[in-house]
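Enquirer: dropping the sequence and predicted coords here.
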Amino acid sequence: MATKTPYEVPTEMREFAERSVEQARKAFDGFIGAAAKAVDSAHGSAETARLNTHEAARKAIAYAENNVAAAFDLAQKLVQSKDLTEVMAHQSEFMKAQMASLQAQLKEIGTAAQDVATKTAETVAKAAKPK
């Protein structure tokens, strides 16, 4: 029988394989680190979104409460009016006040939306920033 020669891997091939494994390990570790960072960022973003939604809901309720109170005040004034001129004056005052209130509410909502967009952009930028 012929004797079999033992299988030997050339040194260059072994070194190449070892470098490849080490590079793959580093790449995987980098991927896992980025994934963990993304999860942490997503959690932070979700929590921020939850808080912003809660604040928006509270503001909406406050706006509704103020608007309904103004409507009740108008109703009270209307039933106490002595003539059509007084009714028209109360209605005119109410409309002016409601328009001013609406403008203020829209300004607040716009500012809040801009703040949310800015904070979200900052969070995304931080998450995407390599360390």
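Expert: Cool, got the structure.
Enquirer: going by C-alpha atoms from here, please, whenever you check contacts or count neighbours.
Expert: Fine.
Enquirer: for this protein, which helix or strand comes out least confident on mean pLDDT?
Expert: For the chain, using mean pLDDT, DSSP states H and E, the weakest element among its helices and strands is helix 11-80, scoring a mean of 81.
Enquirer: what helices and strands are in contact with the following helix or strand past that helix?
Expert: Once helix 11-80 ends, the next helix or strand along the chain (criterion: DSSP states H and E) is helix 84-128. With contacts taken as 3 or more C-alpha pairs under 8 Å, 6 or more residues apart in numbering; DSSP states H and E, helix 84-128 sits against helix 11-80.
Enquirer: quick one: the helix it packs on to chain centroid distance?
Expert: Here helix 11-80 is found 5 Å from its chain centre; the criterion is C-alpha atoms, centre = their mean, to the nearest Å.
Enquirer: list the helices and strands that helix packs on?
Expert: With contacts defined as 3+ C-alpha pairs under 8 Å, 6+ apart, the packing partners of helix 11-80 are helix 84-128.
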